[in-house]
Every structure is written in C-alpha cells, then in structure tokens.
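Visitor: only geometry, no sequence info:
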C-alpha cells in the first residue's frame with residue numbers, strides 16, 4: 001500500500017464506502033424483517049388462541065344447549081317438585097325424565113359421538129337418571145360401564161361436587177380406562193323457580209374439543225389448555241408440567257415461561273362459556289423462522305460483498321491503471337519511492353517536462369535563426385551551389401537562385417534630427433521597426449529576407465526576370 005499514493009487510497013476508500021451502502025441497507029432490512037417476524041408470530045399466536053376459543057366454545061355451547069334443555073324440561077322440573085309425592089309417583093316422574101333424556105340423546109344423532117351420556121342426578125335419593133337407564137350413583141360410577149366406562153377413582157369427587165353444586169360448573173374427569181371427559185353440571189330449578197336438589201349433567205369427551213382444534217389448521221408444535229373459572233384444569237397436555245391453575249386464576253400469566261427445558265410464549269383468552277383458554281407457543285419455533293431469514297440475509301450479504309468486491313476491483317483497475325501507467329513513465333527508477341498525491345506529482349513532472357520542452361524549442365529556434373543568418377550572410381558574399389548544404393539551407397536560398405537579387409542596407413544613426421524629440425533610443429527596437437516597415441512594403445511584393453548585419457538592417461530582395 002505504501003507504493004501507492006493518496007489518490008489510490010482515496011479511490012479505495014470511495015469504493016469501500018460504496019460497497020458498504022448495500023451492506024448497511026441489507027443490515028437495516030434484516031433487522032426490520034427480524035422484528036417483523038416476531039410481530040407477525042405474535043399476531044399469528046393471538047389469532048390462533050382466538051381460533052381455539054371460537055372452535056371449542058362452539059362445541060361447548062352445543063352441549064351446554066342440551067343442559068339448558070334438560071333444566072327447562074317440564075318432566076325434569078316436575079321431578080324437582082316431589083316433596084309430598086309417594087315413592088310410586090316419584091318413580092313415575094323419574095321414568096318421565098328418563099324418557100325425555102333418551103329422546104334428547106337420540107335427537108343428538110350419530111355424528112355427535114363425543115357425548116356418551118346425559119343425566120339428571122337426584123341428590124336426596126342419590127340416583128342417576130341417565131339417557132340409557134336409572135340407577136343408584138354407586139352402581140353408575142363403580143359397576144355400570146356403559147358408554148363412559150367406570151370412574152371409581154373420580155366417583156367421590158364428582159359426588160361431592162354434585163351434592164354441593166350451587167351454580168354451573170365444568171370438571172375434568174379421567175375414567176378408569178384412561179379416557180378423559182369434561183363433565184358439565186347445572187342445578188335444576190323447580191316449577192316455582194327455586195333451586196331444587198336436582199343436577200343436570202352431560203358428559204363431553206375431550207376429543208370433541210381436540211378434533212375441533214385440529215380442524216382449524218392447527219400447528220402441531222403448539223399446545224393449549226382450558227381452565228375453568230374456579231381454577232380447575234379442564235384440559236392440559238402432559239408435557240406442560242409446572243404450569244398451575246393459580247396463574248390463570250390470579251390473572252397473572254407470564255409472557256414467557258420455561259417448561260421442561262423449553263421456552264414458551266403464553267397467550268390467554270377468556271371463554272364465552274366458562275373458564276380461560278391458554279396457548280403455549282414454543283419460542284424456538286419463532287426463532288427457527290427468524291434464523292432462516294437471518295441465514296438468507298447472510299447468504300445474500302456474502303453474495304453482495306463478493307459481487308461488490310469484484311466490481312470494485314474491476315472499477316479500481318479501470319480507474320487507476322491508466323494513472324499507474326503514466327506514473328511508471330515519469331517515475332522510472334523512483335518506482336518504489338512514495339509519490340504522495342499522484343496528481344500533484346504528475347503536475348510537477350509535467351511542468352518540469354514542459355519547461356524543458358520550451359527551453360529545447362527556444363534552443364532549436366535560436367539554432368535555426370543562427371543557421372538562417374549564416375546562410376544569408378553567405379549569400380551576401382556569393383551564391384552557394386545547390387545541394388551543397390543541407391535541405392534546410394537550400395530551402396532558404398532557393399528563392400534567390402532565379403532573377404536578380406538586390407541588397408538594401410539601412411544603418412542606424414545615434415543623432416536625432418535637430419528640434420525633434422527622440423522617440424526611439426533602443427537600437428534593437430529601431431532595427432525591429434525598420435524590418436517591419438520593409439516587410440510591409442517591399443516584402444508584400446517580392447521574395448525577401450531581412451537580417452541584422454554589423455548593427456545594420458540588411459534586406460535581400462529577389463527581383464524576378466523582367467523586373468527593372
């Protein structure tokens with residue numbers, strides 16, 4: 001780099017700065033795109049939790065509508081008003097309620113296979129009036145498998161919930177066969193509008209909700225959960241460990257949480273039926289998308305730098321090589337010596353060269369003048385033979401070889417005329433004036449030459465043949 005001058009370094013800096021422009025633009029675009037990925041991912045996750053809520057709420061509302069139909073049925077309400085009835089009359093009303101439930105279950109149709117049973121629980125008689133049969137609760141939970149299966153381990157908790165039920169509630173139940181359900185419960189009002197000792201319930205297979213979620217272009221890496229209003233877990237994947245319902249109940253959900261060594265972004269949405277939906281979006285999923293964009297930008301940046309480097313190198317060669325070649329001519333043996341600014345260096349060299357050239361031209365001009373004066377002086381003595389001298393001398397004498405030659409000699413006196421102010425004092429100026437006057441007069445008509453000879457002005461005029 002030392003052997004190059006300031007111009008080369010400035011050009012290199014200029015091309016480097018030009019090359020940095022696409023790099024900076026690419027960096028800004030990358031940062032903008034990187035942030036946009038996270039913003040779009042956040043928006044996508046919020047839309048996804050809304051989609052989950054809409055899909056699941058739609059399914060829950062469908063089953064909830066059947067619970068309300070059970071509560072509003074006249075046969076069920078009549079069963080709630082049995083205080084003064086005999087056992088036989090109560091059995092009749094239970095049968096009427098069972099008939100109603102059977103018809104409702106049949107009306108639900110084959111497509112709703114995720115509802116294995118619906119029932120009315122009579123608290124004081126501890127009896128279940130289901131859509132398939134009427135039996136004691138102990139038989140229903142511990143011995144009658146039916147469509148649900150046995151749920152011995154959950155029987156006591158369900159019984160306590162129904163015995164103490166005041167308002168609607170949904171609880172999660174895991175049957176002995178491993179199948180998971182949501183049990184939707186509502187107290188039944190009597191014909192007088194007061195709450196009786198009946199509970200309307202419907203079993204919902206959790207696969208009903210999962211099927212709805214899977215049908216809305218669900219991302220398999222995400223997880224979701226459902227919590228009721230009192231903090232009970234209605235659905236939560238097994239891999240989501242350490243996430244408690246207290247976080248949902250206290251409305252203090254963190255934005256991010258590390259679960260089983262994996263970081264999740266957490267989103268929540270209130271259910272229109274009961275509870276809160278929670279979405280667990282893996283952070284590394286967003287990171288992978290961002291990394292793909294980063295890799296794409298890095299590759300494009302490398303390509304830009306490579307292309308820019310090649311173009312800059314080519315541009316530097318085209319721009320600097322002519323200057324470099326000129327420098328080589330002027331530097332000669334000084335090739336390894338620093339030149340500073342190349343243009344100023346060339347300016348000095350060219351100025352010196354022009355000065356030498358002018359001196360040489362002046363020397364040649366003076367030499368030509370001496371040769372001319374010599375040849376003309378030689379002509380005054382005698383006409384040289386043609387071809388005896390060089391071509392330049394012959395060129396001067398050729399115009400005097402034909403016709404007659406007349407010589408006019410003008411001397412310069414130092415005494416001005418009396419009474420007249422002397423205007424010209426310099427002899428050289430006087431001779432110059434005489435030469436100009438003769439050239440403008442005689443010289444416009446005839447071939448001639450004027451020389452200064454012994455401080456005189458001598459004019460040699462060639463008169464063609466026939467001129468007197």
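Guide: Received, thanks. Every value quoted in this text rests on a predicted model; they were computed, and no experiment measured them.

Visitor: and residue 465, how many neighbours?
Guide: Residue 465 has 7 neighbours, counted by other CB atoms under 10 Å. Bear in mind the C-beta positions are built from the backbone N, C-alpha and C, glycine included.

Visitor: typo on my end, residue 364
Guide: Count around residue 364 with other CB under 10 Å applied: 10.

Visitor: do the one 3 residues further on as well
Guide: In terms of burial, residue 367 registers 10 neighbours under the definition other CB under 10 Å.

Visitor: cool, and the one 3 residues further on?
Guide: Counted with other CB under 10 Å, the neighbours of residue 370 add up to 10.

Visitor: Over to residue 447?
Guide: 16.

Visitor: now residue 298
Guide: By other CB under 10 Å, neighbour count at residue 298 equals 12.

Visitor: Which neighbouring elements make contact with the helix or strand where residue 408 lies?
Guide: Using DSSP states H and E, residue 408 falls within strand 404-410. Strand 404-410 is packed against helix 427-441, strand 456-463, with contacts defined by 3 or more CB pairs under 8 Å, 6 or more residues apart in numbering; DSSP states H and E.

Visitor: what angle sits between it and strand 456-463?
Guide: Angle between the axes of strand 404-410 and strand 456-463 is 160 degrees (criterion: axes from the mean of the first three to the mean of the last three CA atoms, to 10 degrees).

Visitor: Using TSV, lay out the helices and strands packed on strand 404-410 together with distance to residue 145.
Guide: Output for the helices and strands packed on strand 404-410, formatted as TSV (distance: least, CB to CB, whole Å):
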stretch	distance to residue 145
helix 427-441	142
strand 456-463	149
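
Visitor: Just name the most buried of those.
Guide: strand 456-463 (a mean of 18; mean count of other CB atoms under 10 Å).

Visitor: And that strand, what does it pack against?
Guide: So strand 456-463, by 3+ CB pairs under 8 Å, 6+ apart, packs with helix 342-381, strand 404-410, helix 427-441, strand 447-453.

Visitor: Name whatever forms a beta bridge with the residue lying closest to residue 129 once chain neighbours are set aside.
Guide: Spatial nearest neighbour of residue 129, chain neighbours left out: residue 120 (4.5 Å); criterion: CB to CB, 6 or more residues apart in numbering. The bridge-partner assignment for residue 120, based on DSSP bridges, gives residue 129, residue 200.

Visitor: Domain ranges for this protein, per the record?
Guide: The record's domain parsing of the chain by automatic domain parsing lists 36-286, 365-463.

Visitor: from those domains, which stretch is densest packed?
Guide: Taking mean count of other CB under 10 Å, domain 36-286 is the most buried of the domains of the chain, at a mean of 17.

Visitor: mean confidence score for that domain?
Guide: In this model, domain 36-286 has a mean pLDDT of 85.

Visitor: got the end-to-end distance for it?
Guide: 11 Å (CA to CA, to the nearest Å).

Visitor: How about the contacts made by residue 408?
Guide: By CB atoms under 8 Å, 6 or more residues apart in numbering, the contact set of residue 408 is 438, 442, 458-461.

Visitor: I meant residue 139, not that one.
Guide: Applying CB under 8 Å, 6+ apart, no residues qualify as near residue 139.

Visitor: before we move on, which element is it in?
Guide: helix 137-142.

Visitor: Residue 12 too?
Guide: helix 6-72.

Visitor: after the helix holding residue 139, next one along is what?
Guide: Criterion used, DSSP H and E; the element after helix 137-142 is helix 152-163.

Visitor: Give me the helices and strands touching that next one, please.
Guide: For helix 152-163, the packing partners by 3+ CB pairs under 8 Å, 6+ apart come out as helix 137-142, strand 169-174, strand 180-189.

Visitor: can you state the direction angle for the longest one and strand 169-174?
Guide: So the one you mean is strand 180-189. Using the same axes, to 10 degrees: strand 180-189 against strand 169-174 is 150 degrees.

Visitor: Name every strand pairing with strand 180-189 and say which way it goes.
Guide: Checking strand 180-189 against DSSP bridges gives partners strand 169-174 (antiparallel), strand 195-205 (antiparallel).

Visitor: Can I get these in JSON lines including distance to residue 259?
Guide: Below are the strands paired with strand 180-189 laid out as JSON lines (distance: least, CB to CB, whole Å):
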{"stretch": "strand 169-174", "distance to residue 259": "20"}
{"stretch": "strand 195-205", "distance to residue 259": "26"}
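
Visitor: Quick check: which of the ones you listed is nearest to residue 366?
Guide: strand 169-174 (119.9 Å; CB to CB).

Visitor: Tell me the gap between that closest one and the middle of its chain.
Guide: Remark: strand 169-174 is offset 49 Å from the chain centroid, using CA atoms, centre = their mean, to the nearest Å.

Visitor: likewise stretch 85-105?
Guide: Chain-centre distance of stretch 85-105: 71 Å, with CA atoms, centre = their mean.

Visitor: now swap in stretch 220-239 and tell me
Guide: 38 Å.

Visitor: quick one: contacts of it?
Guide: 45, 48-49, 52, 56, 169-172, 180, 182, 206, 209, 213, 240, 243, 245-246, 248-249, 259-260, 264, 271, 274-282, 285.

Visitor: circling back to that earlier point, check the gap between the residue nearest to residue 129 and residue 128 for me.
Guide: Counting by CB to CB, to the nearest Å, the separation of residue 120 from residue 128 is 8 Å.
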